[in-house]
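> The sequence isn't on hand, but the structure is:
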């Protein structure tokens, strides 16, 4: 049976973590952009992107690791769980060695021969690259530990460590402003590496102290390696496609338009990342329950969870994100002051795509829970590559930079439907027509009404910062009412009213 109370508690803890990280990220980004300047800020983003291109194998193994650890925890087989963890750790350590060789050969050549940057910044670019490689090595071997914390649903650990992490990042921003002797780009990359090293060390210490399966014991069972690698093998295709799409377009933007456009894209995806946390936290809390339900053959509970997660993920974004779309220029100016050209239009397109893509995330996770991911990665993964050649051809024909973001938006719409049909192929119990009416029907209705009302509000309410705060608060309230009236069915409306009344009654009696 799905433990909805645990999902709710874990979601709240993860939202606490999100608010901390989002607040500090927005504050420090402004300082970093001001200190580094748009050119160096864009360089940091594109150089880090080259390194992340080599991490696609890690993304595939992480998905398999998370799925199998959660599955084994759900079945209660402690011996198998320990084998799974140790197989995952050995696999990621070997993978780290392979990627290290690739980054120090092909990657290093690409950075110094293909990226566009001033010759005077070559030393700084190479130092940033090396720190990025070291950070990636640590992150690769950290995956099994992070997967274990999530599988055990110890979200409070993330909340506590995040308090310390944001404190470190605030110190980083303060030190960056004080720096007068070291190149700012080099200094910034070194400080970020130290922060990552510290946080990863804390998570590993916690796991080794609290989870018996994390104690290293070499597993010689070849079947266990084969099982995880077989699953991950298909995921490699999907991960490579996603990575090629994102970082490939980033590199194309650098080659055709230079690092200033990379800076605009970097800021766009920082906003996307911040709003993604609204649903990432919810999905992080839901995923373990989804896999455990499948492991226990509780298919009805699993499918209900997927349907609800698809709707609620969209509703969360519609409440908080739609008001931002109509005040994007003001928000960017308030946040950064010196805003790279075209950032506002890039951000609007990507944030709209985020609202569409979030609906399909539970479906994708449901497919992974079944263990049958061949079709998903072959079909949806390869379709995901299409924006890259399309963008290249259009850039060659002198189309503007915005073309890349429009092609991504179109792909996002197509991908949603493809992934849903693929899930139906893998799980016959899934009622696809009912899902489309229940999920997309309500999401479309909520989305259209929210956009119309928020557009009207944005035109009627204009002024200084205080007026903006009042506009945003009022818009969030209106959007919440829209979700309640048009998004929730009568049963869930009654449950929510009963819950609120119970809390008010308990508060009066206390």
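Now that the structure is in, tell me what you want to look at. Quantities reported herein were computed from a predicted structural model and do not represent experimental measurements.
> For the nearest residue in space to residue 409 that is not next to it in sequence, grab the count of nearby residues.
In space, not counting the residues next to it along the chain, residue 409 is nearest to residue 353; the distance is 4.7 Å by CB to CB, 6 or more residues apart in numbering. Bear in mind the C-beta positions are built from the backbone N, C-alpha and C, glycine included. Neighbour count of residue 353, defined by other CB atoms under 10 Å: 20.
> Which helix or strand contains residue 353?
helix 343-370 (DSSP states H and E).
> Report the next helix or strand after that helix in sequence order.
Counting by DSSP H and E, what follows helix 343-370 is helix 374-375.
> Other residues contacting the next helix or strand after that next one?
Downstream of helix 374-375, the next assigned helix or strand under DSSP H and E is helix 381-383. The contact list for helix 381-383 (CB atoms under 8 Å, 6 or more residues apart in numbering) reads 237, 238, 240, 241, 242, 411, 414, 415, 418.
> cool, stretch 85-104 as well?
Here stretch 85-104 makes contact (CB under 8 Å, 6+ apart) with 51, 54-55, 57-58, 61, 64-65, 68-69, 133, 136-137, 140-141, 143-144, 147-148, 213-214, 216-219, 221, 224-225, 228-229.
> Buried among the residues you listed? Need that as a selection in PyMOL.
Selection command for PyMOL covering only the buried members of the contacts of stretch 85-104, criterion 16 or more other CB atoms under 10 Å:
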select buried, resi 51+54+55+57+58+61+64+65+68+69+133+136+137+140+141+143+144+147+148+213+214+219+224+225+228
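> coming back round to it: of the contacts of helix 381-383, select the buried ones using a PyMOL command.
In PyMOL, a selection of the buried entries from the contacts of helix 381-383 looks like this (16+ other CB under 10 Å):
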select buried, resi 237+238+240+241+242+411+415+418
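> In helices only, show me the contacts of helix 381-383.
237, 238, 240, 241, 242, 411, 414, 415, 418 (DSSP state H).
> Give me the nearest residue to the first one, chain neighbours excluded.
The reference is to residue 237. Residue 237 sits nearest to residue 377 (CB to CB, 6+ apart), 4.3 Å away.
> From residue 239, how far out is that neighbour?
8 Å (CB to CB, to the nearest Å).
> Under the pLDDT cut-off, which ranges of the protein? List them.
Counting by pLDDT under 70, the chain shows low-confidence ranges at 1-18, 22, 52-63, 232-233, 499-510.
> Without its sequence neighbours, what residue ends up closest to residue 352?
residue 409 (6.6 Å).
> what helix or strand is the one you found on?
Short version, using DSSP H and E: residue 409 is in helix 402-426.
> before we move on, what about residue 271?
Residue-wise, residue 271 maps onto helix 259-295 under DSSP H and E.
> Tell me which residues touch the residue nearest to residue 409, please.
So residue 353 contacts 408, 409, 412 (CB under 8 Å, 6+ apart).
> one step back: gap between the residue nearest to residue 352 and residue 320?
20 Å.
> now the nearest residue to residue 346 once chain neighbours are set aside: how far from residue 262?
Among residues not flanking residue 346 along the chain, residue 268 sits closest, at 4.3 Å (CB to CB, 6+ apart). Per CB to CB, residue 268 is found 10 Å from residue 262.
> now do residue 466
From residue 466 to residue 262 the distance is 35 Å (CB to CB).
> More neighbours: the two, which one.
Neighbour count, other CB under 10 Å: between residue 466 and residue 262, residue 262 has more, with 27 against 8.
> Do I have it right that the more buried one meets residue 48?
No - between residue 262 and residue 48 there is no contact under CB atoms under 8 Å: 10.7 Å.
> Quick check: the farthest pair among the contacts of helix 381-383?
By the measure CB to CB, 240 and 414 form the most distant pair in the contacts of helix 381-383, at 18.9 Å.
> so can I have a markdown table of the contacts of helix 381-383 showing distance to residue 82?
Shown next, in a markdown table, are the contacts of helix 381-383 (distance: CB to CB, whole Å):
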| residue | distance to residue 82 |
| --- | --- |
| 237 | 30 |
| 238 | 28 |
| 240 | 30 |
| 241 | 33 |
| 242 | 31 |
| 411 | 41 |
| 414 | 42 |
| 415 | 37 |
| 418 | 37 |
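> count of neighbours near the closest residue in space to residue 271 that isn't next to it in sequence?
Nearest residue to residue 271 in three dimensions, chain neighbours excluded: residue 347, at 5.3 Å (CB to CB, 6+ apart). Neighbour count for residue 347, taken as other CB under 10 Å: 26.
> From residue 337, how far out is residue 347?
Counting by CB to CB, the gap from residue 347 to residue 337 is 16 Å.
> which ones are touching residue 33?
41, 263, 267, 336, 338.
> check which helix or strand covers it.
helix 4-53.
> same deal with residue 168?
Assigned by DSSP H and E, residue 168 belongs to helix 155-178.
> What of residue 430?
Counting by DSSP H and E, residue 430 is found in no helix or strand.
> What values do phi and psi take at residue 296?
Backbone torsions of residue 296, given as degrees, to the nearest 10, read phi -90, psi 10.
> Give the closest residue to it in space, chain neighbours not counted.
Using CB to CB, 6+ apart and skipping the chain neighbours, the partner closest in space to residue 296 is residue 74 (6.3 Å).
> The one you found and residue 287 touch, don't they?
No - if you go by CB under 8 Å, residue 74 and residue 287 don't touch, sitting 11.6 Å apart.
> More neighbours: these two, which one.
More crowded of residue 74 and residue 287, by other CB under 10 Å: residue 287, with 25 against 20.
> ok, the more buried one touching residue 365?
Yes - Residue 287 is within contact range of residue 365, at 5.5 Å (criterion: CB under 8 Å).
> Right, I'll call it a day here.
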